[in-house]
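Participant: coords below, sequence missing:
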Ligand SMILES: CC(C)(COP(=O)(O)OP(=O)(O)OC[C@H]1O[C@@H](n2cnc3c(N)ncnc32)[C@H](O)[C@@H]1OP(=O)(O)O)[C@@H](O)C(=O)NCCC(=O)NCCS
(Lines give C-alpha, C1' and ligand atoms only; values in the text may rest on other atoms or scores of the structure.)
Protein backbone atom coordinates (compact mmCIF):
# COMPACT_ATOMS: atom_id res chain seq x y z
CA UNK A 1 0.00 0.00 0.00
CA UNK A 2 1.38 3.43 -0.85
CA UNK A 3 1.21 6.25 1.70
CA UNK A 4 -1.56 7.83 -0.36
CA UNK A 5 -3.89 4.84 -0.23
CA UNK A 6 -6.57 4.70 2.43
CA UNK A 7 -6.49 1.93 5.00
CA UNK A 8 -9.45 -0.47 4.69
CA UNK A 9 -12.38 0.28 6.98
CA UNK A 10 -12.18 -1.53 10.31
CA UNK A 11 -14.76 -4.23 10.93
CA UNK A 12 -16.02 -2.38 14.01
CA UNK A 13 -16.52 0.93 12.21
CA UNK A 14 -20.14 1.96 12.90
CA UNK A 15 -22.34 1.26 9.87
CA UNK A 16 -24.64 4.00 8.68
CA UNK A 17 -27.90 2.28 7.66
CA UNK A 18 -28.52 5.02 5.06
CA UNK A 19 -25.46 3.95 3.10
CA UNK A 20 -27.14 0.78 1.85
CA UNK A 21 -28.72 0.48 -1.56
CA UNK A 22 -31.58 -2.01 -1.69
CA UNK A 23 -32.36 -3.61 -5.03
CA UNK A 24 -33.48 -6.82 -6.71
CA UNK A 25 -30.75 -9.47 -6.95
CA UNK A 26 -29.28 -10.54 -10.27
CA UNK A 27 -27.55 -13.83 -11.10
CA UNK A 28 -24.22 -12.03 -10.54
CA UNK A 29 -25.16 -11.74 -6.82
CA UNK A 30 -25.72 -15.50 -6.46
CA UNK A 31 -22.26 -16.30 -5.14
CA UNK A 32 -22.25 -13.44 -2.60
CA UNK A 33 -25.74 -14.39 -1.41
CA UNK A 34 -24.62 -18.00 -1.02
CA UNK A 35 -21.59 -16.88 1.03
CA UNK A 36 -23.69 -14.60 3.28
CA UNK A 37 -26.18 -17.39 3.99
CA UNK A 38 -23.29 -19.79 4.63
CA UNK A 39 -21.88 -17.63 7.44
CA UNK A 40 -25.27 -16.81 9.02
CA UNK A 41 -26.32 -18.56 12.20
CA UNK A 42 -29.53 -20.62 12.07
CA UNK A 43 -29.78 -20.78 8.26
CA UNK A 44 -29.56 -23.93 6.14
CA UNK A 45 -26.98 -23.46 3.45
CA UNK A 46 -28.15 -24.66 0.08
CA UNK A 47 -26.23 -25.10 -3.15
CA UNK A 48 -24.86 -22.19 -5.14
CA UNK A 49 -27.09 -23.34 -7.99
CA UNK A 50 -30.13 -22.89 -5.73
CA UNK A 51 -29.17 -19.26 -4.98
CA UNK A 52 -28.46 -18.62 -8.66
CA UNK A 53 -31.99 -19.79 -9.47
CA UNK A 54 -33.42 -17.57 -6.72
CA UNK A 55 -31.51 -14.55 -8.00
CA UNK A 56 -32.87 -15.29 -11.48
CA UNK A 57 -36.43 -16.64 -11.26
CA UNK A 58 -37.40 -15.07 -7.91
CA UNK A 59 -35.58 -11.76 -8.20
CA UNK A 60 -38.78 -9.69 -8.27
CA UNK A 61 -39.75 -11.08 -4.86
CA UNK A 62 -36.24 -11.02 -3.36
CA UNK A 63 -33.94 -8.19 -2.28
CA UNK A 64 -30.29 -7.52 -1.54
CA UNK A 65 -28.81 -4.64 0.46
CA UNK A 66 -25.59 -3.45 -1.12
CA UNK A 67 -22.83 -1.74 0.88
CA UNK A 68 -20.66 -0.62 -2.01
CA UNK A 69 -19.98 -3.79 -3.99
CA UNK A 70 -20.68 -6.03 -0.99
CA UNK A 71 -23.95 -7.85 -0.30
CA UNK A 72 -24.65 -6.96 3.35
CA UNK A 73 -28.17 -8.33 3.56
CA UNK A 74 -30.59 -10.50 1.65
CA UNK A 75 -34.21 -11.61 1.72
CA UNK A 76 -35.28 -14.49 -0.52
CA UNK A 77 -39.01 -14.89 -1.01
CA UNK A 78 -41.67 -16.01 -3.47
CA UNK A 79 -45.42 -16.05 -4.00
CA UNK A 80 -46.59 -19.66 -3.53
CA UNK A 81 -48.59 -20.75 -6.63
CA UNK A 82 -51.50 -21.90 -4.42
CA UNK A 83 -51.53 -18.66 -2.38
CA UNK A 84 -51.46 -15.70 -4.77
CA UNK A 85 -52.20 -13.26 -1.90
CA UNK A 86 -49.15 -14.28 0.16
CA UNK A 87 -45.43 -13.55 0.17
CA UNK A 88 -43.56 -16.51 1.58
CA UNK A 89 -40.22 -15.35 3.01
CA UNK A 90 -37.73 -18.16 2.80
CA UNK A 91 -34.43 -16.80 4.19
CA UNK A 92 -33.32 -13.48 5.66
CA UNK A 93 -29.70 -12.74 6.49
CA UNK A 94 -27.84 -9.60 7.49
CA UNK A 95 -24.06 -9.50 7.82
CA UNK A 96 -23.03 -9.44 11.49
CA UNK A 97 -21.47 -5.97 11.13
CA UNK A 98 -24.78 -4.51 9.92
CA UNK A 99 -27.22 -6.21 12.31
CA UNK A 100 -29.39 -4.38 14.82
CA UNK A 101 -29.82 -1.24 12.69
CA UNK A 102 -33.08 -1.96 10.96
CA UNK A 103 -31.63 -3.37 7.73
CA UNK A 104 -33.69 -6.59 7.64
CA UNK A 105 -36.84 -4.54 8.27
CA UNK A 106 -35.91 -2.16 5.45
CA UNK A 107 -35.42 -5.14 3.11
CA UNK A 108 -38.88 -6.49 3.98
CA UNK A 109 -40.46 -3.03 3.59
CA UNK A 110 -38.81 -2.67 0.19
CA UNK A 111 -40.15 -6.04 -0.94
CA UNK A 112 -43.70 -5.23 0.14
CA UNK A 113 -43.71 -1.81 -1.54
CA UNK A 114 -43.02 -3.07 -5.06
CA UNK A 115 -45.59 -2.90 -7.85
CA UNK A 116 -45.70 -6.71 -8.04
CA UNK A 117 -46.28 -7.18 -4.27
CA UNK A 118 -48.51 -4.23 -3.34
CA UNK A 119 -51.63 -6.39 -3.72
CA UNK A 120 -50.43 -9.05 -1.24
CA UNK A 121 -52.34 -9.35 2.03
CA UNK A 122 -50.23 -11.87 3.94
CA UNK A 123 -46.61 -12.66 4.72
CA UNK A 124 -45.62 -16.14 5.79
CA UNK A 125 -42.32 -17.49 6.99
CA UNK A 126 -41.05 -20.31 9.14
CA UNK A 127 -38.91 -20.02 12.26
CA UNK A 128 -37.41 -22.52 14.62
CA UNK A 129 -38.39 -22.25 18.28
CA UNK A 130 -35.09 -20.76 19.42
CA UNK A 131 -34.54 -18.05 16.77
CA UNK A 132 -35.26 -14.96 18.85
CA UNK A 133 -33.98 -12.46 16.26
CA UNK A 134 -36.08 -13.92 13.47
CA UNK A 135 -39.23 -13.94 15.60
CA UNK A 136 -38.59 -10.34 16.67
CA UNK A 137 -38.12 -9.32 13.03
CA UNK A 138 -41.52 -10.71 11.98
CA UNK A 139 -43.35 -9.48 15.09
CA UNK A 140 -41.98 -6.05 14.27
CA UNK A 141 -43.27 -6.39 10.68
CA UNK A 142 -46.73 -7.24 12.04
CA UNK A 143 -46.68 -4.10 14.21
CA UNK A 144 -45.65 -1.89 11.26
CA UNK A 145 -48.52 -3.27 9.17
CA UNK A 146 -50.94 -3.06 12.11
CA UNK A 147 -51.87 -6.72 12.00
CA UNK A 148 -51.60 -10.00 13.90
CA UNK A 149 -49.51 -13.16 13.73
CA UNK A 150 -50.73 -16.74 13.93
CA UNK A 151 -48.38 -19.66 14.52
CA UNK A 152 -48.57 -23.36 13.61
CA UNK A 153 -46.11 -26.16 12.91
CA UNK A 154 -45.40 -26.34 9.18
CA UNK A 155 -42.63 -28.97 9.09
CA UNK A 156 -42.33 -31.23 12.09
CA UNK A 157 -39.03 -32.47 13.51
CA UNK A 158 -40.05 -36.17 13.56
CA UNK A 159 -42.65 -36.26 10.79
CA UNK A 160 -40.77 -34.26 8.15
CA UNK A 161 -37.14 -33.83 9.24
CA UNK A 162 -36.36 -37.40 10.39
CA UNK A 163 -35.28 -35.84 13.73
CA UNK A 164 -32.35 -34.17 11.94
CA UNK A 165 -33.66 -30.59 12.17
CA UNK A 166 -35.83 -28.64 14.62
CA UNK A 167 -39.49 -28.15 13.73
CA UNK A 168 -40.18 -25.15 11.51
CA UNK A 169 -43.11 -23.08 12.82
CA UNK A 170 -45.12 -21.12 10.29
CA UNK A 171 -45.79 -17.49 11.17
CA UNK A 172 -48.71 -16.09 9.17
CA UNK A 173 -48.83 -12.30 9.31
CA UNK A 174 -51.87 -10.42 8.09
CA UNK A 175 -54.07 -9.17 6.69
CA UNK A 176 -51.56 -6.38 6.08
CA UNK A 177 -52.74 -2.82 6.58
CA UNK A 178 -50.58 -0.68 4.30
CA UNK A 179 -49.28 2.52 5.89
C1 LIG B 1 -32.64 -12.08 11.89
C2 LIG B 1 -31.77 -11.01 11.24
C3 LIG B 1 -31.93 -11.09 9.72
C4 LIG B 1 -32.25 -9.62 11.74
O5 LIG B 1 -31.53 -8.62 11.00
P6 LIG B 1 -31.39 -7.12 11.55
O7 LIG B 1 -31.05 -6.23 10.41
O8 LIG B 1 -30.47 -7.11 12.70
O9 LIG B 1 -32.89 -6.84 12.06
P10 LIG B 1 -33.53 -5.39 12.35
O11 LIG B 1 -32.47 -4.47 12.85
O12 LIG B 1 -34.31 -4.96 11.15
O13 LIG B 1 -34.51 -5.69 13.56
C14 LIG B 1 -35.89 -6.04 13.39
C15 LIG B 1 -36.53 -6.20 14.75
O16 LIG B 1 -36.00 -7.36 15.39
C17 LIG B 1 -35.39 -7.04 16.62
N18 LIG B 1 -34.17 -7.86 16.74
C19 LIG B 1 -33.18 -7.98 15.84
N20 LIG B 1 -32.23 -8.80 16.31
C21 LIG B 1 -32.64 -9.21 17.53
C22 LIG B 1 -32.11 -10.06 18.51
N23 LIG B 1 -30.92 -10.69 18.32
N24 LIG B 1 -32.81 -10.27 19.66
C25 LIG B 1 -34.01 -9.67 19.85
N26 LIG B 1 -34.57 -8.83 18.95
C27 LIG B 1 -33.90 -8.60 17.81
C28 LIG B 1 -35.07 -5.55 16.52
O29 LIG B 1 -35.02 -4.95 17.79
C30 LIG B 1 -36.24 -5.04 15.69
O31 LIG B 1 -37.37 -4.87 16.49
P32 LIG B 1 -38.12 -3.43 16.56
O33 LIG B 1 -38.48 -3.08 15.13
O34 LIG B 1 -39.29 -3.70 17.44
O35 LIG B 1 -37.11 -2.49 17.12
C36 LIG B 1 -30.27 -11.17 11.62
O37 LIG B 1 -30.17 -11.26 13.03
C38 LIG B 1 -29.61 -12.41 11.01
O39 LIG B 1 -29.10 -12.35 9.88
N40 LIG B 1 -29.63 -13.52 11.78
C41 LIG B 1 -29.05 -14.79 11.28
C42 LIG B 1 -29.92 -15.45 10.22
C43 LIG B 1 -31.38 -15.66 10.67
O44 LIG B 1 -31.65 -16.11 11.77
N45 LIG B 1 -32.33 -15.31 9.76
C46 LIG B 1 -33.77 -15.41 10.04
C47 LIG B 1 -34.34 -16.71 9.71
S48 LIG B 1 -34.73 -16.88 7.99
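Facilitator: Received it, and whenever you're ready, just let me know what you need. It should be emphasised that the depicted structure is a prediction, and the values quoted were computed from it without experimental measurement.
Participant: and the chain, which residues reach the ligand?
Facilitator: Proximity of the chain to the ligand (C-beta under 6 Å from any ligand atom) is limited to residues 40-43, 91-94, 99-105, 131-134, 136-137, 140. All C-beta atoms are positioned from the backbone trio N, CA, C, and that covers glycine.
Participant: which ones among these are found in strands?
Facilitator: 91-94 (DSSP state E).
Participant: Which positions in the lengthiest helix in the chain come out as buried?
Facilitator: Taking DSSP state H as the criterion, the chain has its longest helix at helix 132-144. By neighbour count on 16 or more other C-beta atoms under 10 Å, the buried set for helix 132-144 is 134-135, 137-138, 141-142.
Participant: so how far is stretch 46-60 off the chain centroid?
Facilitator: 13 Å (C-alpha atoms, centre = their mean, to the nearest Å).
Participant: List of residues touching that stretch?
Facilitator: For stretch 46-60, contacts defined as C-beta atoms under 8 Å, 6 or more residues apart in numbering pick out 24-31, 33-34, 37, 62, 76-78, 90, 114, 116.
Participant: Mind doing that once more with 10 Å?
Facilitator: 23-38, 45, 61-62, 64, 74, 76-79, 90-91, 111, 114-117 (C-beta atoms under 10 Å, 6 or more residues apart in numbering).
Participant: what mean pLDDT does that stretch have?
Facilitator: What stretch 46-60 shows for mean pLDDT is 98.
Participant: And stretch 148-168, by the same measure?
Facilitator: On average, stretch 148-168 scores 97.
Participant: Could you list the low-confidence segments of the protein?
Facilitator: 1-15, 17 (pLDDT under 70).
Participant: all strands for it, in order.
Facilitator: So, for the chain - with DSSP E - the strands run 21-23, 63-67, 70-78, 86-94, 122-127, 149-155, 168-173.
Participant: Return the list of helices and strands in contact with the shortest one.
Facilitator: With contacts taken as 3 or more C-beta pairs under 10 Å, 6 or more residues apart in numbering; DSSP states H and E, strand 21-23 sits against strand 63-67, strand 70-78, helix 103-112.
Participant: possible to save the ones you listed as TSV with mean neighbour count and distance to residue 49?
Facilitator: As requested, those are arranged in TSV below (neighbours: other C-beta atoms under 10 Å; distance: least, C-beta to C-beta, whole Å):
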stretch	mean neighbour count	distance to residue 49
strand 63-67	22	18
strand 70-78	22	14
helix 103-112	20	23
